[in-house]
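J.: Starting from these lines, generate the structure:
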Amino acid sequence: PKTMSEEPMIGSFLFKKPVQGSEPVIVDEPAASDVPDPAGTGPRLPEIPSANYRNNTIFIHVPKAAGSTISLSLFGYRVSHRSIDSFWSADPGFTERCFKFSFVRHPYFRFASAYRFLSAGGMSSRDAALVQRYRNEFSSMRALAEACETYEFLHQIVHLQPQWTFLSLPQSPAYRIYMD
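T.: Take a look at the predicted model:
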């Protein structure tokens, strides 16, 4: 595989040089499951970050589709894995009028990347706990693919959820992508 230094066009587009020698501050946006729900009914989605309003944009970070790299380059922090529906629920008017964009990846390469990423422990203790809990399913890529044939398993792990689920509104016709 090529490194970023071997791909100058991609590297120069995605990675901006620090201004006056300073490094960008990386601030992770809270994931929906990290935001406490005062009513105790389940995870509550965070409000739309002010940066989205300032830029009049919504970037949907589809897991394992270059979202961390893109969001760090464009915004200086990682955005969480949120669906367009969560933005719509928080502010339908803003979601309707702003510029919405995302990146997707070939499903096979995304699946292989998710398998390697999660098998190596993922990025959080939650990822590592899921791999431990589903040790047999992560014993091989084939075993994981077979486990993903069940809806219940597939939708428990955000990195394996179909890409269209991040980009569609449930109330719209099936598989209708709601991006600009």
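
J.: C-alpha from now on. contacts and neighbour counts both.
T.: Fine.

J.: what residues are up against residue 60?
T.: By CA atoms under 8 Å, 6 or more residues apart in numbering, the contact set of residue 60 is 67, 81, 82, 83, 84, 100, 101, 102, 103, 166, 167.

J.: how many neighbours does the first one have?
T.: Put plainly, it is residue 67. Neighbour count for residue 67, taken as other CA atoms under 10 Å: 21.

J.: try the fifth one
T.: A count of neighbours around residue 84, defined by other CA under 10 Å, yields 25.

J.: For this structure, just list every one of the helices.
T.: For the chain, applying DSSP state H gives helices covering 8-14, 50-55, 67-75, 84-90, 92-97, 107-119, 125-133, 141-147, 151-154, 164-167.

J.: closest one to residue 61 among the ones you listed?
T.: Among the helices of the chain, helix 67-75 comes nearest to residue 61, with 4.9 Å by CA to CA.

J.: tell me which residues in that closest one are buried?
T.: Under the neighbour-count criterion of 16 or more other CA atoms under 10 Å, helix 67-75 has 67, 68, 70, 71, 72, 73, 75 buried.

J.: Now the fifth one: closest residue in space, sequence neighbours ignored.
T.: It stands for residue 72. Spatial nearest neighbour of residue 72, chain neighbours left out: residue 78 (5.5 Å); criterion: CA to CA, 6 or more residues apart in numbering.

J.: measure stretch 133-146 end to end?
T.: End-to-end distance for stretch 133-146, by CA to CA, to the nearest Å: 16 Å.
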